[in-house]
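Asks: the following block contains a protein sequence and its predicted model.
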Amino acid sequence: MGAGAFGTALAIALAKTGQPVTLWCRTSEQARNLDKVRCNSAYLPDAVFPDSLKVAQDLSAIMGGKALLIAVPLQHMRAAISILPQKTETPWVACCKGIELSTGLGPTGVLNDASPNVTTAILTGPSFAADIAIGRPTALTLACKDATSGARLQAALTTPTLRLYRTTDTVGAELGGALKNVMAIACGAVIGAGLGDSARAATMTRGFAEMQRIGRALGARTDTLAGLSGLGDLALTCTSDLSRNYRLGVSLGRGDAFDPKITVEGAATAQAMSKIARQKEIDTPITNIVARLVEGSTTVKDAIDSLMTRPLKEE
Ligand SMILES: NC(=O)C1=CN([C@@H]2O[C@H](COP(=O)(O)OP(=O)(O)OC[C@H]3O[C@@H](n4cnc5c(N)ncnc54)[C@H](OP(=O)(O)O)[C@@H]3O)[C@@H](O)[C@H]2O)C=CC1
Ligand SMILES: O=C(CO)COP(=O)(O)O
C-alpha cells in the first residue's frame with residue numbers, strides 16, 4: 001500500500017522472486033497508468049515492473065495475503081489505513097520512519113492505536129528505494145513484538161538481494177529509523193553551511209550518543225540502536241546526497257529553498273521528539289536545534305554557537 005518510491009521498490013523486489021505481489025495505488029488513474037507503462041515514472045523511473053507484479057486500486061486486491069506492507073509517509077499513515085478493513089489475519093508491516101506529531105507514536109504505535117486487533121511489524125534500515133528496485137544488495141531490520149510472526153515475516157520478505165534481520169525490539173527499531181533522519185538534517189546543515197567533514201563527523205557521533213540516550217529513556221535495547229535500523233541508517237543518511245533529509249539540511253545550511261512536496265520525515269520527527277524529550281526531561285540538544293531550524297526560529301550559525309558553548313562534560 002503506497003505507490004511512492006519505497007512501496008514501489010519493495011513491490012518490485014518481492015515480485016522478482018515470482019510470488020504474487022500487488023502494488024496498491026491511491027487512484028485508479030495512477031493504477032491504470034503504472035500498469036500500462038510497467039514503471040513508476042514519477043517516483044522510480046529506472047525500474048521496470050516484473051511480469052508478476054500486479055497493480056490495483058481495489059482494496060480487496062491487497063487483503064488476505066501473507067503480509068500487507070504500508071509504505072506511506074508516517075504523518076499520513078493514519079489517514080491511509082483508515083480505509084482498511086479491521087478484521088484481518090494478514091499482518092501489517094509499517095514501511096516508514098518517524099514519530100507522529102499529534103500523538104508521539106512511532107509507526108507500529110500508530111498501527112496498533114488505529115487497529116488494535118491486527119498483528120503489526122516494522123521494516124526499517126539503510127536502503128534507498130532506487131537500490132532495492134534494481135536489485136542491489138540491501139540489509140534491513142524486521143521488528144515484530146511477536147517472535148513467531150516476526151520469524152514468519154522475515155522468511156516471507158527476504159529475497160536473494162534483500163536480507164532481513166529480525167528483532168522483537170520494535171521501540172529500538174522505530175527510534176533508530178526516526179532519529180537518524182533528524183541527525184541527517186543536522187549533518188546536511190553542517191555541510192551546506194561549509195563547516196566541513198570534521199564537523200559532520202562530530203555531529204554524527206554526538207547525534208548517535210543522543211539517539212542512545214533517547215533509546216535508554218524510552219525503553220529501546222542498546223544493541224538495536226547499534227544495528228542496521230540505527231547506526232546503519234545513520235551512516236547512510238548522513239553521508240549521501242541521495243537522502244532527502246540530508247538534502248533538506250544542505251538547503252537549510254545554504255539558506256536555499258526546499259520543495260515542500262518532497263517527503264522528509266525528519267522535520268516533523270524533530271518537532272515530535274523535541275516535545276517528548278521536554279516532557280520526559282531527556283537532554284536532546286541536536287534534535288531541539290533541528291526542530292528550531294526547520295520551523296525557522298534559529299539560524300545555522302546560532303545553532304552551532306549554542307552547541308559549541310554547552311557546558312564541558314565527559315564523553
Ligand atoms: N524512498 C526511500 O529511499 C526510502 C523511504 N523510506 C520510508 O518510506 C516511507 C515512504 O516514503 P517514500 O515512498 O520515499 O515517499 P514518496 O514521497 O516517494 O511516496 C509517498 C507515497 O505515499 C502516498 N500517500 C501520501 N499520503 C497518502 C495518504 N493519505 N493515503 C494514501 N497514500 C498516501 C503517496 O501517494 P501520491 O503519489 O498519490 O501522493 C505516495 O505513493 C517514508 O517513511 C520513508 O522514510 C524508507 C527507506 C527508503
Ligand atoms: O530512509 C532512507 C534511507 O534508509 C531514505 O532516506 P531519505 O528519506 O532521507 O531519502
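Replies: Now that the structure is in, tell me what you want to look at. Ligands and ions are numbered 1, 2, ... in the order given.
Asks: A helix includes residue 42, no?
Replies: No - counting by DSSP: H, G, I helix; E, B strand; the rest coil, residue 42 is not found in a helix; it is coil.
Asks: quick one: pLDDT of it?
Replies: According to the prediction, residue 42 has pLDDT 96.
Asks: just say helix, strand or coil for residue 179.
Replies: helix.
Asks: how about it: what's its closest non-neighbour residue?
Replies: Nearest non-adjacent residue to residue 179, counting by C-beta to C-beta, 6 or more residues apart in numbering: residue 211, 4.6 Å away. C-beta: built from backbone N, CA, C; applies to glycine.
Asks: can you list contacts of the host helix or strand of residue 302?
Replies: Residue 302 is part of helix 300-308, with elements assigned from DSSP states H and E. For helix 300-308, contacts defined as C-beta atoms under 8 Å, 6 or more residues apart in numbering pick out 189-190, 192-193, 195, 199, 252-253, 285-286, 289, 292-293, 298.
Asks: swap in 7 Å and give it another go.
Replies: When contacts are defined by C-beta atoms under 7 Å, 6 or more residues apart in numbering, helix 300-308 is touched by residues 189, 193, 195, 252-253, 285, 289, 293.
Asks: of those, buried ones?
Replies: The neighbour-count criterion (16 or more other C-beta atoms under 10 Å) marks 189, 193, 195, 252-253, 289, 293 among the contacts of helix 300-308 as buried.
Asks: look up how far residue 217 lies from residue 234.
Replies: Noted for residue 234: a distance of 18 Å to residue 217, by C-beta to C-beta, to the nearest Å.
Asks: what does residue 91 give?
Replies: Computed as C-beta to C-beta, the residue 91 to residue 217 distance reads 29 Å.
Asks: those two - which one has more neighbours?
Replies: The residue with more neighbours, out of residue 91 and residue 217, is residue 91; 22 against 15, by other C-beta atoms under 10 Å.
Asks: next, that one: phi, psi?
Replies: Geometry field for residue 91 lists phi and psi as phi -70, psi 140, criterion degrees, to the nearest 10.
Asks: so who does it touch?
Replies: Going by C-beta under 7 Å, 6+ apart, residue 91 touches 67, 119-121, 149, 153.
Asks: out of those, who's nearest ligand 2?
Replies: Taking C-beta to the nearest ligand atom as the measure, ligand 2 lies nearest residue 121 of the contacts of residue 91, at 17.1 Å.
Asks: in terms of secondary structure, what does the helix or strand encompassing that closest one contact?
Replies: Residue 121 is part of strand 120-124 when elements are defined by DSSP H and E. Using 3 or more C-beta pairs under 7 Å, 6 or more residues apart in numbering; DSSP states H and E as the contact test, the elements touching strand 120-124 are strand 92-94, helix 107-114, strand 138-143, helix 147-157, helix 170-192.
Asks: quick check: which of those is buried the most?
Replies: Taking mean count of other C-beta atoms under 10 Å as the contact definition, the stretch among those with the greatest mean neighbour count is helix 170-192, which reaches a mean of 29.
Asks: need the residues of the stretch 201-315 of the chain near ligand 2, please.
Replies: Neighbours of ligand 2 within the stretch 201-315 of the chain, by C-beta under 6 Å from any ligand atom: 233, 236-237, 243-245.
Asks: would you point out the most distant pair within these?
Replies: Greatest spatial distance in these: 233 and 244, 13.3 Å, computed using C-beta to C-beta.
Asks: looking at these two, which is more packed in?
Replies: Regarding residue 233 and residue 244, a neighbour count based on other C-beta under 10 Å identifies residue 233 as having more, with 27 against 21.
Asks: which residues are contacting the helix or strand hosting the more buried one?
Replies: Following DSSP H and E, one finds residue 233 within helix 233-239. Contacts with helix 233-239, where a contact means C-beta under 7 Å, 6+ apart, come from 125-126, 176-177, 180-181, 183-184, 187, 200, 204, 207-208, 243, 245-246.
Asks: mind listing what's buried in that helix?
Replies: Within helix 233-239, the residues that qualify as buried are 233-234, 236-239, counting by 16+ other C-beta under 10 Å.
Asks: next helix or strand past it?
Replies: Once the chain leaves helix 233-239, the next helix or strand it forms, by DSSP H and E, is helix 244-254.
Asks: buried residues, that following helix. List them.
Replies: Residues of helix 244-254 classed as buried: 244-254 (neighbour count, 16+ other C-beta under 10 Å).
Asks: of those, closest to residue 166?
Replies: Nearest to residue 166, judged by C-beta to C-beta, of the buried residues of helix 244-254 is residue 245 at 25.6 Å.
Asks: doesn't residue 183 make contact with the closest one?
Replies: No - no contact is recorded between residue 245 and residue 183 when judged using C-beta atoms under 7 Å, the distance being 8.7 Å.
Asks: residues from the stretch 151-300 of the chain in reach of ligand 1?
Replies: Checking the stretch 151-300 of the chain against ligand 1 by C-beta under 6 Å from any ligand atom, the hits are 263, 265.
Asks: fine by me, thanks again.
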